[in-house]
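Colleague: Let me see the structure of the following:
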Amino acid sequence: QVQLVESGGGLVQAGGSLRLSCAASGRTSSLYNMGWYRQAPGKEREIVAGIWLNVGSTGSTYYAESVKGRFTVSRDNAKNTVYLQMNSLKPEDTAIYYCKGSSSSRTVDQYWGRGTQVTVSS
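Modeller: All right, here's what the predicted structure looks like:
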């Protein structure tokens, strides 16, 4: 089992920045992918960014088109933490942001945090 806890959300003005953290505990060595998702009111949850943990020394990252060039995902192996640096925030980035960890492709091996609210005011 893996437990994930997000933090770092809050209220920020458009154009501002926030850094989200996702701290993992438990069987963290089993994880091979970590992702950031978001869900805005009335919308489905969508992928924002992610990192393949076992690729090279820093991992391999990927991003949704809507956040490319503005968001950066990174990790700190010593802290078992994945970050999402969000710059140039827009009101449409307002959502609950969730962290997801995967230790296989099976549904039972997908782990979710409880989410952190990000609100961007115009």
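
Colleague: per-residue confidence at the residue nearest to the spatial centre of the chain?
Modeller: Residue closest to the average C-alpha location in the chain (C-alpha atoms, centre = their mean): Trp36, at 2.6 Å. Looking at Trp36, its pLDDT stands at 98.

Colleague: what does the host helix or strand of it rub up against?
Modeller: Secondary structure from DSSP states H and E places Trp36 in strand 33-39. Here strand 33-39 makes contact (C-beta atoms under 8 Å, 6 or more residues apart in numbering) with 20, 22, 24, 45-53, 73, 75, 82, 84, 93, 95-102, 115, 118. C-beta coordinates here come from the backbone N, C-alpha and C atoms, glycine included.

Colleague: I'd like to know which of those are part of strands.
Modeller: 20, 22, 24, 46-52, 73, 75, 82, 84, 95-102, 118 (DSSP state E).

Colleague: ok, the residue nearest to the centre of the chain to Glu6 distance?
Modeller: 9 Å (C-beta to C-beta, to the nearest Å).
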